[in-house]
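Asks: Sharing a sequence plus its predicted fold:
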Amino acid sequence: MARPKIALIGAGQIGGTLAHLAAIKELGDVVLFDIAEGTPQGKSLDIAQSGPSEGFDATMKGTNDYADIAGADVCIVTAGVPRKPGMSRDDLLGINLKVMKSVGEGIKAHAPNAFVICITNPLDAMVWALREFSGLPHNMVVGMAGVLDSARFRHFLSVEFNVSMRDVTAFVLGGHGDTMVPLTRYSTVAGIPLPDLVQMGWTTQEKLDAIVQRTRDGGAEIVGLLKTGSAFYAPATSAIEMAEAFLKDQKRLLPCAAYVKGAYGLDGLYVGVPTIIGKNGIERIVDIKLNAAEQAMMDKSVDAVKGLVAACKGIDPSLA
Ligand code: A3D
């Protein structure tokens, strides 16, 4: 049986890491595309040469030609620019919207049956625009943010509780920005909800509030440290988790920026919600009950995403 084909659009920090992870996990043959000449070719060759030590069977191809992504089963999009210290994700909107247009057209022409995972920021608006430009079904175009934001939350909680990260589950929903919604009530250590752990004296409400805020600022903390770009290891791992769920029909329940129409009272918007990912892409959106405070946070986050989508429509009239 032929190996799946994984096309990575953007061969920068995240793109290169994605290619290496996809190879090591033997998810399929990898095509690394970028407009920068030499970058995808050089990274592909470098990663291929890690094969003898890692012992993986996967081909690597670097290219500047969209024709090479033909028939891809999965496309992961990181093309665009990342933020620099002092920039918000939203500052990237104008530049990255143009990039989404060319990428969407490339996918539409050469890989219309792919499961497409967008990582480019500002995430919720870019995944919406990429879907519009590509014309692919909504269930096959999704944004990566919730898996990463939840992983950051899980990491901070595991350090606070001194327990394995594997036993910490967490949900971060809403838009991927300052208004993201870490849900403490639905986050647990092996099933024990965080509010119960506060009552049990494992932590204090103040410390938990600080962890929630650190999660919201998780991307900016790394941008501030790196100074020349943004996080790339954990973002790549998060997208690979989603790609694997699709390729192996795992039916994983993962928070993703998915197209929501009906659930959460939304009428057609990409925003972070719990989803089931399997061989049909986004197979289900899980409409969990929010209490009044959570709903208020979600509403604020949804408003921020709506503002970004409106800004996209203002920049590119073809989207209106
Ligand atoms: P970077 O290392 O700069 O790579 C971006 C690559 O895109 C570069 O190699 C560019 O040459 C390439 N590129 C630019 N324009 C095009 C185009 N039109 N077609 C194809 N390739 C193009 O950035 P990165 O890999 O660190 O980050 C990529 C994106 O991911 C940025 O927008 C980040 O803000 C975003 N990001 C999102 C998250 C989320 O959780 C959603 C996390 C971290 C980064």
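Replies: That came in fine, so what should we check first?
Asks: residues from the stretch 51-200 of the chain in reach of the ligand?
Replies: Within the stretch 51-200 of the chain, the positions near the ligand by C-beta under 6 Å from any ligand atom are 78-83, 92, 96, 99, 102-103, 119-121, 123, 144-145, 148, 176. Every C-beta, even on glycine, is put in place using the N, C-alpha and C of the backbone.
Asks: Can you show me the helices along this protein?
Replies: Here the chain has its helices, by DSSP state H, at 13-24, 39-48, 51-54, 93-110, 123-134, 146-161, 194-199, 205-216, 218-226, 233-247, 292-315.
Asks: for the ones you listed, which one ends up most surrounded?
Replies: Highest mean neighbour count among the helices of the chain (mean count of other C-beta atoms under 10 Å): helix 123-134, with a mean of 27.
Asks: name the helices or strands packed onto it?
Replies: helix 93-110, strand 115-118, strand 141-143, strand 252-261, strand 267-278, helix 292-315 (3 or more C-beta pairs under 8 Å, 6 or more residues apart in numbering; DSSP states H and E).
Asks: what packs against the fourth one?
Replies: Spelled out, it's strand 252-261. Using 3+ C-beta pairs under 8 Å, 6+ apart: strand 252-261 touches helix 123-134, strand 141-143, helix 146-161, strand 168-173, helix 233-247, strand 267-278, strand 281-285.
Asks: Could you export those as a markdown table, including mean pLDDT?
Replies: Shown next, in a markdown table, are the helices and strands packed on strand 252-261 (pLDDT from 0 to 100):
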| stretch | mean pLDDT |
| --- | --- |
| helix 123-134 | 97 |
| strand 141-143 | 98 |
| helix 146-161 | 97 |
| strand 168-173 | 95 |
| helix 233-247 | 98 |
| strand 267-278 | 97 |
| strand 281-285 | 98 |
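Asks: quick one, which of the ones you listed is nearest to Q213?
Replies: Closest to Q213 of the helices and strands packed on strand 252-261, according to C-beta to C-beta: helix 146-161, at 10.2 Å.
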